[in-house]
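Participant: Sequence and computational prediction follow.
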Amino acid sequence: MTPSTHLAAYVLHSRRYRDSSLIIDILTRDLGRVACVARGVLRARQPDTRMQPFQLLQVDLRGRGEMQTLSRVEAQGVPLPLQGRVLYCGLYLNELLMRLTARQDPLPAVFEDYAEAIRDLAAKSSVEPVLRRFEVNLMQHLGLGLVLEKDVTGAPIVGDLMYAYDIDSGARPVATGQAGDVSGATLQALGNGSFDDRETLLQARRLMRRIIDYHLDGRPLRSRELFR
């Protein structure tokens with residue numbers, strides 16, 4: 001067994017395994033998403049706060065295949081204080097990564113984007129721009145990127161025009177906007193990550209939800225229920 005050592009990681013999800021252990025999905029910078037067994041962590045009288053989400057860790061893993069063993073874990077600083085709606089946003093990001101990424105597919109840029117997003121949430125930044133930026137970047141890193149600079153004819157996106165966005169082909173200009181259509185300004189905002197008004201944010205959320213649902217084959221995200 002070849003160990004992997006000194007990996008930067010965040011816990012995305014955990015579940016009980018036997019009497020005293022956990023199966024944990026972690027996001028690492030070097031190996032991508034990894035499933036591992038944390039043996040005996042439930043034996044302690046006090047909960048092990050290192051196994052909580054939104055805590056930067058340094059871990060060692062050993063083993064082969066899809067299920068490895070967590071052999072060492074050290075907290076790097078303190079957990080980020082996400083509470084209330086901001087906590088729900090963090091759990092949403094975790095679920096997106098669990099559902100859209102493959103295990104052991106190294107994506108260092110996804111790790112960095114995730115770390116930045118949860119730092120922004122903890123700093124009480126406006127949550128909607130944080131989520132949209134993360135979603136757009138994640139799609140790009142997974143090879144599912146949106147076409148946001150040009151329409152289907154190759155013409156540049158114009159902020160004042162309305163577009164019907166087809167997930168497979170991109171934006172098509174329309175004379176009169178219908179339900180689900182978006183403005184060119186919204187597409188530009190998704191491209192540059194800068195959102196100036198409520199309507200742009202609303203259109204961006206609707207479009208990204210449709211795109212994410214498409215790539216999830218319609219399977220619901222449980223974390224969305226927390227926002228109701």
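Facilitator: Thanks, I have it.
Participant: Determine the three-state secondary structure at the residue nearest the centre of the chain.
Facilitator: Nearest to the mean C-alpha position of the chain, by Cα atoms, centre = their mean, lies Leu93 at 3.7 Å. Put simply, Leu93 is helix when judged by DSSP: H, G, I helix; E, B strand; the rest coil.
Participant: Check the contact between it and Asn137; I expect there is one.
Facilitator: No. Leu93 is beyond contact range of Asn137, at 11.3 Å (criterion: Cβ atoms under 8 Å). Placement of C-beta: from N, CA and C, glycine included.
Participant: need the next SSE after the helix or strand hosting Arg16, C-terminal direction.
Facilitator: Assigned by DSSP states H and E, Arg16 belongs to strand 4-17. Remark: after strand 4-17, the chain's next helix or strand is strand 21-28, criterion DSSP H and E.
Participant: Strand partners (parallel or antiparallel) of that next one?
Facilitator: Applying DSSP bridges, strand 21-28 is found paired with strand 4-17 (antiparallel), strand 32-38 (antiparallel).
Participant: And the contacts of it?
Facilitator: Residues from elsewhere that reach strand 21-28, judged by Cβ atoms under 8 Å, 6 or more residues apart in numbering: 7-17, 33-42, 51, 57, 59, 67, 70, 97-98, 110-111, 114.
Participant: Show the buried residues in those residues.
Facilitator: 7-14, 33-38, 41-42, 51, 57, 59, 70, 97-98, 110-111, 114 (16 or more other Cβ atoms under 10 Å).
Participant: show me the contacts for the residue lying farthest from the centre of the chain.
Facilitator: Most distant residue from the mean C-alpha position of the chain: Ala175, 34.5 Å away (Cα atoms, centre = their mean). By Cβ under 8 Å, 6+ apart, Ala175 lies in contact with Met162.
Participant: Could I get the phi/psi values of it?
Facilitator: When quoted as degrees, to the nearest 10, the phi and psi of Ala175 stand at phi -70, psi -40.
Participant: coming back round to it: can you tell me what sits against the strand holding Arg16?
Facilitator: By Cβ under 8 Å, 6+ apart, strand 4-17 touches 22-31, 33-34, 37-38, 42, 51-62, 68, 72, 76, 94, 97-98, 111, 114-115, 118.
Participant: Can you tell me the element Ala189 falls in?
Facilitator: helix 184-192.
Participant: so where do the strands sit in this protein?
Facilitator: With strands called from DSSP state E, the chain shows them at 4-17, 21-28, 32-38, 57-62, 67-75, 162-166, 170-174, 182-183.
Participant: Am I right that Pro156 is in contact with Val147?
Facilitator: No. Counting by Cβ under 8 Å, Val147 is not a contact partner of Pro156; they are 11.7 Å apart.
Participant: What residue spans form the domains of this structure?
Facilitator: 4-75, 146-228 (automatic domain parsing).
Participant: looking at these, which is buried most?
Facilitator: Mean neighbour count (mean count of other Cβ atoms under 10 Å) peaks for domain 4-75 among the domains of the chain, with a mean of 16.
Participant: per-residue confidence averaged over that one?
Facilitator: What domain 4-75 shows for mean pLDDT is 88.
Participant: Backbone dihedrals for Leu56, please?
Facilitator: Residue torsions, per degrees, to the nearest 10, at Leu56 are phi -70, psi 130.
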